[in-house]
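got a structure for you, letters missing:
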């Protein structure tokens, strides 16, 4: 009997507050997408993970803490980044956009993902985005 073993439809990993966590989060995401057979929009999904992980490290993870990346697959891919920081991220308005560095991460997420938002957790927040199968 040669039955195919199903891959878990949810994966998560905790990342420490260090620079190497962003490329590690991208690699973790690519591996999950390959296992799930997700090819369409894979680049966009990995880019959004990179942006959300970077935002968590820069704005949401106090020293000595980390962030949790949770990926799930069911009629699409859901990305969640859990951190313990204060504040609610938002997309800069047209008149606030500066050609300098920074401030573009959530703008990219809002353009690439089908939906995105911020949820509460204690302490901190969950920034999530969804890519619906088409």
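Ah, there it is. What you see is a predicted model, and the numbers here were worked out from it, not measured in a lab.

any idea how far residue 82 is from residue 72?
In this view, residue 72 and residue 82 are 13 Å apart by Cβ to Cβ, to the nearest Å. To be clear about C-beta, it is placed using only N, CA and C from the backbone, and glycine gets the same treatment.

now swap in residue 53 and tell me
11 Å.

hmm, who's touching the top helix by length along the chain?
As assigned by DSSP state H, the longest helix anywhere in the chain is helix 21-36. Contacts to helix 21-36, defined as Cβ atoms under 8 Å, 6 or more residues apart in numbering, come from residues 7, 9, 11, 13, 15, 39, 42, 45-46, 49-50, 53-54, 57, 66-67, 69, 71, 73, 77, 79.

continuing past that helix, what's the next helix or strand?
Once the chain leaves helix 21-36, the next helix or strand it forms, by DSSP states H and E, is helix 42-55.

which secondary structure elements does that next one contact?
helix 21-36, strand 66-73, strand 76-83, helix 105-112, strand 125-132 (3 or more Cβ pairs under 8 Å, 6 or more residues apart in numbering; DSSP states H and E).

helix, strand or coil for residue 14?
strand (DSSP: H, G, I helix; E, B strand; the rest coil).

low-confidence ranges in this protein?
1-7, 92-103 (pLDDT under 70).

who's in contact with the most centrally placed residue in it?
Note on the chain: the residue nearest the mean C-alpha position is residue 49, at 3.4 Å, using Cα atoms, centre = their mean. Residue 49 makes contact with 25-26, 29, 69, 79, 81, according to Cβ under 8 Å, 6+ apart.

that's all I had, so thanks and see you.
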